[in-house]
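Peer 1: Structural data only, the sequence is not supplied:
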């Protein structure tokens with residue numbers, strides 16, 4: 001099991017979905033496992049939510065509570081849960097985006113009859129994250145073109161029909177495989193009404209610290225295009241710290257500071273705090289100071 005995703009809270013329960021191979025302990029036969037909790041500590045496993053079929057595996061994605069019933073999936077006055085996930089065709093080298101819905105608090109799931117909802121004919125196109133934009137009453141999706149090190153943004157009014165908005169990348173650390181992206185808004189501390197948008201994208205290999213990791217560009221999202229702010233990157237998987245323009249960036253002893261010069265020509269290595277551990281990235285809090293940009 002791996003890749004917890006689709007976390008939502010509904011009707012007194014936290015829902016957690018995850019990648020699960022029901023037939024063994026190695027990576028294969030991917031389906032969506034499912035567990036629920038009332039306190040985030042004690043969990044009850046439920047039957048598979050979205051199982052593998054003869055032709056395709058169920059890869060990671062996200063889930064939403066469809067309060068608006070924009071999809072029309074509701075069978076009563078209660079909102080359905082909708083899962084948005086990647087269908088992986090191992091025999092065709094193809095991936096596209098599917099949806100499924102539940103009207104019984106996630107106990108059973110029905111795939112949408114007109115899946116896939118997005119298909120661009122690519123082999124590595126996965127991990128949709130979807131959220132609701134109330135101001136324009138539409139859904140927004142970010143998904144990864146993994147081997148191209150790009151993200152695609154889409155919009156929909158009903159979770160079924162999607163319009164391409166823009167792409168982002170390659171950017172920052174463009175090595176490895178990009179996957180499991182997220183897009184979120186953050187309020188700026190001590191500046192009422194001011195916010196920034198962040199992207200989180202995992203890297204399945206060749207992360208800045210070696211092996212797996214992630215990066216977090218910070219910038220603006222105008223509901224069509226994401227524009228990173230100068231030097232607005234936080235790279236995960238750190239042991240030592242580099243501080244630049246209010247963003248803390250880390251690297252391991254395997255990667256020298258010069259390896260990061262391509263990200264910021266004005267990179268300055270600062271002395272680490274005297275009380276900071278060389279081994280624990282928790283000792284290096286990441287601070288965004290937009291006023292310094």
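Peer 2: Structure received. Since we're looking at a predicted model, the values are computed, not measured.
Peer 1: In the beta-sheet assignment, what are the partners of residue 5?
Peer 2: Beta-bridge pairing for residue 5 (DSSP bridges): residue 17.
Peer 1: and it, how many neighbours does it have?
Peer 2: Residues lying near residue 5 (other CB atoms under 10 Å) number 22. C-beta coordinates here come from the backbone N, C-alpha and C atoms, glycine included.
Peer 1: right, and it touches residue 15 too?
Peer 2: No. If you go by CB atoms under 8 Å, residue 5 and residue 15 don't touch, sitting 10.4 Å apart.
Peer 1: what about residue 168, neighbour count?
Peer 2: 22.
Peer 1: beta partners for it?
Peer 2: On the basis of DSSP bridges, residue 168 is bridged to residue 151.
Peer 1: doesn't residue 149 make contact with it?
Peer 2: No. If you go by CB under 8 Å, residue 168 and residue 149 don't touch, sitting 9.9 Å apart.
Peer 1: re the thing from before, what do residue 5 and residue 15 both touch?
Peer 2: residue 63 (CB atoms under 8 Å, 6 or more residues apart in numbering).
Peer 1: Could you list the buried residues of stretch 16-24?
Peer 2: By neighbour count on 16 or more other CB atoms under 10 Å, the buried set for stretch 16-24 is 16-21.
Peer 1: er, stretch 126-144 I mean
Peer 2: Neighbour-count burial for stretch 126-144, with 16+ other CB under 10 Å as criterion, is recorded at 126-130, 132, 139-144.
Peer 1: Which pair in those residues has the greatest spatial separation?
Peer 2: Between any two of the buried residues of stretch 126-144, the greatest separation by CB to CB is 21.5 Å, found for 126 and 132.
Peer 1: Now stretch 43-54: average pLDDT?
Peer 2: On average, the pLDDT along stretch 43-54 is 95.
Peer 1: quick one: that stretch to chain centroid distance?
Peer 2: How far stretch 43-54 lies from its chain's middle: 21 Å, per CA atoms, centre = their mean, to the nearest Å.
Peer 1: How about that stretch, which residues are buried there?
Peer 2: Neighbour counts using 16+ other CB under 10 Å place 46, 48-52 of stretch 43-54 among the buried residues.
Peer 1: what number of residues lie near the residue nearest to residue 221 when sequence neighbours are not counted?
Peer 2: Of all residues not flanking residue 221 in the chain, residue 197 sits nearest, at 3.9 Å (CB to CB, 6 or more residues apart in numbering). Neighbours of residue 197 under the rule other CB under 10 Å: 20.
Peer 1: tell me the contacts of residue 197?
Peer 2: Counting by CB under 8 Å, 6+ apart, residue 197 touches 183-186, 218-221, 226.
Peer 1: now do 7 Å
Peer 2: Residue 197 makes contact with 183, 185, 219-221, 226, according to CB atoms under 7 Å, 6 or more residues apart in numbering.
Peer 1: is it in a bridge, and if so with what?
Peer 2: Counting by DSSP bridges, the residues bridging with residue 197 are residue 185, residue 219.
Peer 1: Would you check how far apart it and residue 40 are?
Peer 2: Taking CB to CB, to the nearest Å as the measure, residue 197 falls 26 Å from residue 40.
Peer 1: Let me have the buried residues of stretch 43-54 in TSV, extended by distance to residue 10 and secondary structure.
Peer 2: Formatted as TSV, these follow (distance: CB to CB, whole Å; DSSP: H, G, I helix; E, B strand; the rest coil):
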residue	distance to residue 10	secondary structure
46	14	strand
48	19	strand
49	14	strand
50	17	strand
51	22	coil
52	25	coil
